[in-house]
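Enquirer: Fold the following for me, if possible:
(one chain, ligands or ions: 2)
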Amino acid sequence: MLKLLRKALQVGEATVAYPFKPVEVAPGFRGKPVYDFSRCIACGACATACPPNAITMDCDVERGVKSWNINYGRCIFCGRCDEVCPTGAIVLSAEFELAAASKEDLYCRAELKLCKCISCGAYFAPCRELEYVLASLKQAGLPESGHEGWEQILKLCPKCRRRKAGSAAGTFGRAGKVLGGRR
Ligand code: SF4
Ligand code: SF4
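Expert: Residues are numbered from 1 along each chain as shown. Ligands and ions are numbered 1, 2, ... in the order given. This next block holds a predicted model:
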């Protein structure tokens with residue numbers, strides 16, 4: 001018995017006192033994905049990449065909003081959303097205590113505005129996504145002379161864009177031709 005006690009004292013603590021004491025997680029730990037509404041452009045990349053469909057997005061063209069939803073009850077902490085998000089709007093945190101008293105507490109939802117097509121007036125794409133695309137084009141070195149043309153093209157819904165693409169050479173230049181075929 002004494003021998004056993006001596007051995008136990010030598011080994012020290014084999015367990016942690018959690019939940020009475022906080023636990024420090026290892027670097028790179030994949031915990032609860034945290035969403036930052038101010039950075040989200042509603043591009044949908046996270047929803048497409050999420051294997052268990054914990055993240056979903058819906059478009060309501062009547063109200064002109066795109067909703068972003070996460071169900072933490074379905075999350076498998078794979079980190080795909082974090083990897084694919086172009087703006088860092090969703091990142092995995094060190095948080096792992098997800099127990100909730102109600103199912104509703106496992107949901108997080110946000111709504112982002114859709115932009116109207118400048119030609120037909122229909123809602124078609126998240127305003128922030130369009131702003132992001134334009135900013136990326138400028139950053140990529142788009143000549144200043146082309147800014148207006150691209151801006152006009154981006155504000156058209158895919159249907160009107162295709163329709164106008166025929167006369168793109170005269171109206172929008174190269175931007176019209178390139179984006180005319182995009183959905
Ligand atoms: S961590 Fe994985 S499962 Fe969880 S929301 Fe992100 S992509 Fe989906
Ligand atoms: S990938 Fe990022 S920016 Fe795009 S919808 Fe998801 S959280 Fe928002």
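Enquirer: buried residues in the top helix by length along the chain?
Expert: In the chain, assigned by DSSP state H, the helix with the most residues is helix 127-139. For helix 127-139, a neighbour-count test (16 or more other C-beta atoms under 10 Å) marks 127-130, 132-134, 137 as buried. In short, each C-beta sits where N, CA and C put it, glycine included.
Enquirer: Please tell me the pLDDT value assigned to the closest residue to Val16 other than its chain neighbours.
Expert: Of all residues not flanking Val16 in the chain, Val23 sits nearest, at 5.8 Å (C-beta to C-beta, 6 or more residues apart in numbering). In this model, Val23 is scored at 89, pLDDT.
Enquirer: Same check on Ala168?
Expert: Reported pLDDT for Ala168: 56.
Enquirer: how far does stretch 4-12 sit from the chain's center?
Expert: 51 Å (C-alpha atoms, centre = their mean, to the nearest Å).
Enquirer: Just the C-alphas of it, formatted as CSV.
Expert: This file holds the C-alpha atoms of stretch 4-12, laid out as CSV (Å, rounded to 0.1, in the frame of the first residue of the first chain):
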residue,chain,number,x,y,z
LEU,A,4,1.5,2.4,-4.2
LEU,A,5,1.1,5.7,-2.4
ARG,A,6,4.7,6.6,-3.0
LYS,A,7,4.3,5.9,-6.7
ALA,A,8,1.2,8.0,-6.9
LEU,A,9,2.9,10.9,-5.3
GLN,A,10,5.8,10.6,-7.7
VAL,A,11,3.6,10.7,-10.8
GLY,A,12,1.7,13.8,-9.6
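Enquirer: Just want the angle from the longest strand seen in the chain to helix 127-139.
Expert: In the chain, assigned by DSSP state E, the strand with the most residues is strand 107-116. Here strand 107-116 points in a direction 70 degrees away from that of helix 127-139 (axes from the mean of the first three to the mean of the last three C-alpha atoms, to 10 degrees).
Enquirer: Within the helices and strands, which one has Ile153?
Expert: helix 147-154 (DSSP states H and E).
Enquirer: what's the helix or strand following that helix packed up against?
Expert: Per DSSP H and E, helix 147-154 leads on to helix 158-165 as the next helix or strand towards the C-terminus. Secondary-structure packing of helix 158-165 (3 or more C-beta pairs under 8 Å, 6 or more residues apart in numbering; DSSP states H and E): helix 174-180.
Enquirer: what about the longest strand of the chain, average pLDDT?
Expert: Strand 107-116 comes out at a mean pLDDT of 97.
Enquirer: Enumerate the residues of the protein near ligand 1.
Expert: Applying C-beta under 6 Å from any ligand atom, we find that the chain lies next to ligand 1 at 33, 49-52, 54-55, 70, 75-81.
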